[in-house]
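# This is the structure alone, sequence omitted:
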């Protein structure tokens, strides 16, 4: 992987939601869209449905850590958005990693 860049712009999130392919599991939803650069871009969303700020932040940390362990095996040139689900703040990053790995394998982005 060349470079990991965060996705921050609302227009980028909307574009990936509409054009990207989604993969759903009980702990995380993954949206994948090919981009035109050699970079891997990452966005994480947690809604108020997840819970208070502590739970939302934990969800983001768990997702970020799961992705960090999988990042070396990901092909460059993709945008990813991970959406936390209700279970996310209560599971370990290894559980999220397992679900994420399956979703990324189905998306065909693992090397």
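Arrived safely, thanks for sending. Since we're looking at a predicted model, the values are computed, not measured.
# Show me what the longest helix seen in the chain is packed up against.
Assignment by DSSP state H gives helix 53-70 as the longest helix of the chain. On a contact count with 3 or more C-beta pairs under 8 Å, 6 or more residues apart in numbering; DSSP states H and E, helix 53-70 meets strand 40-45, strand 78-84, helix 93-107. For every residue, glycine as well, the C-beta is placed using N, CA and C.
# looking at those, which is closest to residue 65?
Of all the helices and strands packed on helix 53-70, it is helix 93-107 that lies closest to residue 65, at 4.2 Å by C-beta to C-beta.
# what comes up buried for that closest one?
Neighbour counts over helix 93-107 (16 or more other C-beta atoms under 10 Å) mark 93, 95, 96, 97, 99, 100, 103, 104, 107 as buried.
# quick revisit: check which residues of the longest helix of the chain are buried.
55, 56, 58, 59, 60, 62, 63, 66, 67.
# who's in contact with the nearest residue to the second one once chain neighbours are set aside?
I take that to be residue 56. Nearest residue to residue 56 in three dimensions, chain neighbours excluded: residue 46, at 4.2 Å (C-beta to C-beta, 6 or more residues apart in numbering). Residue 46 makes contacts with 56, 59, 60, 83, 84, 88, as judged by C-beta atoms under 8 Å, 6 or more residues apart in numbering.
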